[in-house]
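K.L.:
Fold the stuff below for me.
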Amino acid sequence: MHATKTSTESASVNHIYTLDGKVPLLNAIPFGLQHILAMFVSNIAPILIVGGACGLDSKETALLIQSAMLIAGIGTLVQLFPLFGKIGSGLPIVMGISFTFVSILSFVGAQYGYGAIMGAVLIGGMIEGVLGLFAKYWIKLISPIVSASVVTAIGFSLLSVGANSFGGGAGSENFGSAENWILGVVTLVCCILFHVFAKSFWKQLSVLFGLIVGYILAVCMHMVDFSSLAGTSLIAIPQLMPFRMEFRPDAIVSVVLIFLVSATETIGDTSALAASGLGRDVTEKETSGSIACDGFISSLSSVFGCLPITSFSQNVGLVAMTKVVNRFTIATGAVIMILAGVFPMFGALLATLPDAVLGGCTIMMFGTIVVSGLQMISKCGFSQRNTVIAALSLSIGLGFTQCADLFAIFPQMVQTVFAQNCVAVVFVVAIVLNLILPQNMEAEHPAQSENAK
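P.N.:
Model (predicted):
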């Protein structure tokens with residue numbers, strides 16, 4: 001009897017590797033928490049940057065951080081369990097506040113105020129959402145080699161994010177200090193050792209283990225600032241419309257363009273997750289639902305005074321590394337985010353996680369996305385056509401954006417969208433090449449055929 005019970009429990013725990021299997025709640029929570037810890041700092045960082053550019057005070061910023069957790073949780077649940085069968089992918093995608101919009105929103109906010117940001121996000125999100133619903137009419141432009149190139153670019157673009165976190169956070173006073181190196185290295189080594197020596201499904205909690213060990217070490221090294229916990233309310237309901245919306249045409253056009261870029265990243269993330277987590281190609285319906293969720297939940301985010309939301313590539317990397325794809329398991333993380341939005345103390349505690357600890361965990365996850373992209377390119381095949389599309393889009397996208405001055409002759413809007421966004425450049429170049437290159441570049445030239453005869 002005991003052996004049968006143990007076997008049954010083991011089978012249910014093993015459902016973490018299936019989309020819809022039942023997993024015991026106590027087993028699911030650690031995996032959900034692992035996803036939240038992996039994205040938490042990146043979820044609130046865009047708000048801190050844009051809020052600072054708009055001159056928001058600490059109280060206003062705290063309200064937006066609270067809303068960010070709530071919206072991220074809601075968006076993740078919608079991705080996991082689609083609304084009306086159309087809004088959401090049904091895949092284990094974790095949503096969060098997008099970094100892609102930081103530059104343009106900082107510019108719009110500084111020029112027109114935070115209300116103009118909210119108006120532009122509301123309109124832009126609706127447009128992306130509608131494009132998602134009708135994706136079947138244009139998604140065929142995004143061939144497998146285009147998606148593979150975009151996924152690879154996403155991975156490469158995140159490597160600097162992981163490195164900056166490893167060093168203690170870009171712009172921090174002690175960036176690259178010995179203390180940050182110690183935290184990052186210890187966290188990374190703990191992740192690797194736990195993944196190597198842990199048994200069964202426990203090894204998939206290597207990131208959570210590394211975060212816990214790194215956090216404890218940071219506390220011992222007096223590198224955790226608990227001052228933000230003082231005066232934090234135990235419970236608070238996020239406010240609706242904390243800012244009065246304004247609708248500026250030029251701001252709306254600029255933000256809509258970035259929404260199109262965000263949609264390409266979502267296509268790449270969705271493709272990467274299906275390929276690396278489920279071992280198959282993404283379906284048209286899943287891609288359509290993922291984009292629609294991106295857009296409509298971003299519009300909802302603006303109602304709470306928050307920034308646009310998107311799929312988080314670091315969590316795609318976590319799925320690729322652990323192969324944990326169970327929707328209920330990821331949903332526990334979404335519920336944790338919603339609770340963090342209702343209980344500010346919980347979110348404030350998570351916010352004390354040092355950047356170096358996060359960097360030690362994420363650097364391998366981001367590398368996993370690069371590998372997933374390369375595997376997708378390999379699956380497409382190395383025909384002359386595919387090689388030209390992948391090689392040229394990646395070389396131009398990754399190379400030109402390292403030299404932002406190359407874009408100096410273009411209008412400011414073009415610079416804002418492309419100058420430092422390698423994913424956008426890779427996408428545009430790959431799409432153009434996919435449209436203009438002949439389908440069979442390796443066919444013999446007619447003259448060669450005649451000579452052969």
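
K.L.:
Output the below-cut-off pLDDT ranges for the stretch 301-450 of the chain.
P.N.:
347-348, 350-351, 443-450 (pLDDT under 70).

K.L.:
Oops, could you answer that again for the stretch 1-150 of the chain instead?
P.N.:
Residues of the stretch 1-150 of the chain meeting the criterion pLDDT under 70: 1-12, 41, 49, 58, 103.

K.L.:
any chance you could map the helices in it?
P.N.:
Secondary structure of the stretch 1-150 of the chain (DSSP state H, counting those that start in this stretch): helices located at 2-13, 25-54, 58-80, 102-112, 114-133, 144-166.

K.L.:
and L260, which of those helices is closest to it?
P.N.:
Closest to L260 of those, according to Cβ to Cβ: helix 114-133, at 7.4 Å. To be clear about C-beta, it is placed using only N, CA and C from the backbone, and glycine gets the same treatment.

K.L.:
Extract the CA atoms of that closest one and return them as CSV.
P.N.:
Output of helix 114-133 as CSV, limited to C-alpha atoms (Å, rounded to 0.1, in the frame of the first residue of the first chain):
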residue,chain,number,x,y,z
TYR,A,114,2.9,60.8,-17.0
GLY,A,115,-0.7,61.2,-18.2
ALA,A,116,0.4,61.2,-21.8
ILE,A,117,2.2,57.9,-21.2
MET,A,118,-1.0,56.3,-20.0
GLY,A,119,-3.1,57.6,-22.9
ALA,A,120,-0.5,56.3,-25.4
VAL,A,121,-0.3,52.9,-23.7
LEU,A,122,-4.1,52.5,-23.7
ILE,A,123,-4.4,53.1,-27.4
GLY,A,124,-1.2,51.2,-28.4
GLY,A,125,-2.2,48.2,-26.3
MET,A,126,-5.6,48.1,-28.0
ILE,A,127,-4.0,48.2,-31.5
GLU,A,128,-1.6,45.4,-30.6
GLY,A,129,-4.4,43.3,-29.1
VAL,A,130,-6.5,43.6,-32.3
LEU,A,131,-3.5,42.7,-34.5
GLY,A,132,-3.1,39.7,-32.3
LEU,A,133,-6.6,38.6,-32.9
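
K.L.:
Could you pull up the residues touching the residue nearest the centre of the chain?
P.N.:
With distances taken as Cα atoms, centre = their mean, F312 lies nearest the centre of the chain, 1.5 Å away. By Cβ atoms under 8 Å, 6 or more residues apart in numbering, the residues touching F312 are M39, S42, N43, I93, V94, M95, G96, D269.

K.L.:
can you tell me which residues contact the fourth one?
P.N.:
The one in question is I93. Contacts of I93 (Cβ under 8 Å, 6+ apart): T76, Q79, L80, D269, T270, L273, S290, S311, F312, N315, V316.

K.L.:
would you list the helices of the stretch 1-150 of the chain in JSON lines and tack on mean neighbour count?
P.N.:
Shown next, in JSON lines, are these (neighbours: other Cβ atoms under 10 Å):
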{"stretch": "helix 2-13", "mean neighbour count": "10"}
{"stretch": "helix 25-54", "mean neighbour count": "21"}
{"stretch": "helix 58-80", "mean neighbour count": "23"}
{"stretch": "helix 102-112", "mean neighbour count": "20"}
{"stretch": "helix 114-133", "mean neighbour count": "23"}
{"stretch": "helix 144-166", "mean neighbour count": "24"}
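
K.L.:
need the ones you listed in a markdown table with distance to V186, can you?
P.N.:
Shown next, in a markdown table, are these (distance: least, Cβ to Cβ, whole Å):
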| stretch | distance to V186 |
| --- | --- |
| helix 2-13 | 29 |
| helix 25-54 | 16 |
| helix 58-80 | 28 |
| helix 102-112 | 30 |
| helix 114-133 | 39 |
| helix 144-166 | 12 |
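
K.L.:
closest one to A230 among these?
P.N.:
helix 58-80 (12.5 Å).

K.L.:
relative to helix 25-54, how tilted is that closest one?
P.N.:
130 degrees (axes from the mean of the first three to the mean of the last three Cα atoms, to 10 degrees).

K.L.:
circling back to that earlier point, closest to G21 among the contacts of F312?
P.N.:
Proximity of the contacts of F312 to G21 (Cβ to Cβ) peaks at I93, which lies at 18.0 Å.
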